[in-house]
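# Sequence first, then the predicted structure:
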Amino acid sequence: MTEKAEGENERGQMEQFVRNLLKTMPLSSLTQRIVRDRYKSEFKKDQQLTPKQSDVLRSVVVDVAKAEMNREAKAPKKPAATSETAPIAQKRPAEAKVEAKVDEKKAKVETVVLSDDELEVVSITRADPLPHIRGDCASKPYTFTDNVKIGPYMKNAEFCEKCFCYICDKPAKECQSWARDREPHCNANSKAACWKARRMVQNQVKFVFLNRFITKHIAAPRHAALRAEATIICVEMRETYQLYRMGTKCDAKLVPCNCVCHNRPSNWCGKCRSVHDLKKKFDYRSVRAKVKELIKKIQAWTTTPQEQCFLYEIIMNELTMHKGADINQITQQSGNPDVEAQCNSLEVLKEPYLLQPLSQTLASNTGLWKDLNEALRLVFRSQAVQDQIIKNFFETLQSHLGRARSANQQRITQVTQANAHHHHQVRNVHHNAQQIQFNNIPYGQRGHHINTNGMMIQNQGRNQHFYPNHPHSFHPPHNPYYR
């Protein structure tokens, strides 16, 4: 007998063995390991299967399983029968012992999972939907939008029982802002930066400094307006930062990188590969521009320096939490050669356009400066900022604060001098009026001369004071002693 014939006989023997094995166990329990162990115990005894025999046995099991599944798929469908009514003869011996409890609402789909070690048949059923945000709902169609100034868009206001509000993190039926005219929460999704920022402010931002010291430095009628303005500023800062984190897609070779390997013929090395794999460009200039815009907005909206200080603290708190999106995982530094495009938010904190208006609000209020100093130190420590950076920041702020106080003192001195000069001019005008009124008296009715204090010396050698507007002043025409 040739080797080919022996292989065909052995394969037929394996196939018959597998089919007989299927009569004693369900197809879902038929695995490569079980078939291999039982075939070896029955035919090979103490001998081990050769690699070629193991491969043949594996292929036989796969072929038999596929043939069995095709046969069951082509068989006419019969109404499902429970284990109590179905006859035992229609089931395999192993399956007859198991009572099948089938949920009529769940559709079954049978798939085959193949691996080198075993063969498994897995049944997948349609499960009940889990709680999800409105943008991920499968039963109600959702239309993407990143416009927060419009009302409910298309059919986004509809929701199922499992829909959750992305902003409030509550069931959709409990959301108070689900379908309002502006910024409706039914339009919110997890992909737009504007909705991400509003979710963060709604669920994460606590406004610690504002809530702790607002009653101490701000009048009660302004509390609600100041809290609303603080929320708006925080949302705009977060939205701008999220847009920076999203970046601009580009080719990996066009990603800005300051690695020295780009001076060589190769495009990039292992040190900067993590930067190029992002395939995005990041520019932090938009955040700086937003900070300048918000500072002008705060100066135009607020009515007192204390209100400005609270809103400046929110900007500084947001800046301390900013992290670079283009960080090289090897050097732990920004890979962008453009310094202006790097996320150096701690350097923005020391910019004059932020510290100068802040120091002007603190120059005349020592108590507010102490409270802000304590709050900023807690913020820096919560973000693990280095002690040297904290020290440099407060030294810079203290220098700006000293210059602001000097300018205030100089301004007060100038105002005092101006007031004194004005008072002196008014006094001179009053004295000139007295002199003019005295000069209108006929020469024969007045004394020889008048001194600088308005004292007139009479001919009889008596001194009389002349004050035209005083009731007891000397009036020469009506004095009976003056002849």
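Looks like it came in fine. Keep in mind that this is a model prediction, so the values were computed, not measured.
# contacts and neighbour counts: CA atoms only from here.
Noted.
# which SSE is K290 in?
Per DSSP states H and E, K290 falls inside helix 285-301.
# helix or strand right after that helix?
helix 305-320.
# just to revisit the earlier point, what separates the helix holding K290 from the chain centre, distance-wise?
17 Å (Cα atoms, centre = their mean, to the nearest Å).
# got the buried residues for it?
By 16 or more other Cα atoms under 10 Å, the buried positions in helix 285-301 come out as 287-288, 291, 294-295, 298.
# Same check on stretch 143-158?
Quick answer for stretch 143-158 (16+ other Cα under 10 Å): 145, 148, 151-153, 156-158.
# so of the residues you listed, which ones are in helices?
Per DSSP state H, helices hold no members of these.
# now the longest helix along the chain: mean pLDDT?
As assigned by DSSP H, the longest helix anywhere in the chain is helix 387-439. Mean per-residue pLDDT for helix 387-439: 82.
# And for stretch 273-289?
What stretch 273-289 shows for mean pLDDT is 90.
# outside of it, which residues touch it?
Contacts with stretch 273-289, where a contact means Cα atoms under 8 Å, 6 or more residues apart in numbering, come from 237, 240-241, 244-257, 325-329, 335, 340-343, 348.
# what's the neighbour count on H185?
Per other Cα atoms under 10 Å, the neighbour tally for H185 reads 27.
# ok so, going back, ok and the helix holding K290 relative to helix 305-320, angle-wise?
On the basis of axes from the mean of the first three to the mean of the last three Cα atoms, to 10 degrees, helix 285-301 is oriented at 170 degrees to helix 305-320.
# Which among the contacts of stretch 273-289 count as buried?
Buried members of these, counted by 16+ other Cα under 10 Å: 237, 240-241, 244-245, 247, 252, 255-257, 325-328, 335, 341-343, 348.
# wouldn't M321 be in contact with A384 here?
No. Counting by Cα atoms under 8 Å, M321 does not reach A384; the two are 10.0 Å apart.
# Looking at the two, which one has more neighbours?
M321 (15 against 11).
# What's the local residue count around the closest residue to that one other than its chain neighbours?
Closest residue to M321 apart from its sequence neighbours, by Cα to Cα, 6 or more residues apart in numbering: Q383 at 6.7 Å. Using other Cα under 10 Å, Q383 is surrounded by 12 other residues.
# Over to K4?
Neighbours of K4 using other Cα under 10 Å come to 9.
# what's it in contact with, if anything?
So K4 contacts nothing (Cα under 8 Å, 6+ apart).
# what comes up buried for the strand or helix carrying it?
Per DSSP H and E: K4 is located in helix 3-22. Neighbour counts over helix 3-22 (16+ other Cα under 10 Å) mark 11, 14-15, 17-18, 21-22 as buried.
# CA-only coordinates of it in PDB, if you can.
Taking Å, rounded to 0.1, in the frame of the first residue of the first chain, the C-alpha atoms of helix 3-22 are listed here in PDB:
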ATOM      1  CA  GLU A   3       1.900   6.300   1.400                       C
ATOM      2  CA  LYS A   4      -0.900   8.300  -0.300                       C
ATOM      3  CA  ALA A   5      -3.400   5.500   0.200                       C
ATOM      4  CA  GLU A   6      -2.400   5.100   3.800                       C
ATOM      5  CA  GLY A   7      -3.000   8.800   4.300                       C
ATOM      6  CA  GLU A   8      -6.500   8.700   2.700                       C
ATOM      7  CA  ASN A   9      -7.400   5.700   4.800                       C
ATOM      8  CA  GLU A  10      -6.200   7.400   8.000                       C
ATOM      9  CA  ARG A  11      -8.200  10.600   7.100                       C
ATOM     10  CA  GLY A  12     -11.300   8.500   6.500                       C
ATOM     11  CA  GLN A  13     -10.800   6.800   9.800                       C
ATOM     12  CA  MET A  14     -10.500  10.200  11.500                       C
ATOM     13  CA  GLU A  15     -13.600  11.500   9.800                       C
ATOM     14  CA  GLN A  16     -15.700   8.500  10.800                       C
ATOM     15  CA  PHE A  17     -14.400   8.900  14.400                       C
ATOM     16  CA  VAL A  18     -15.400  12.600  14.500                       C
ATOM     17  CA  ARG A  19     -18.900  11.800  13.100                       C
ATOM     18  CA  ASN A  20     -19.400   9.100  15.700                       C
ATOM     19  CA  LEU A  21     -18.200  11.500  18.400                       C
ATOM     20  CA  LEU A  22     -20.800  14.100  17.400                       C
END
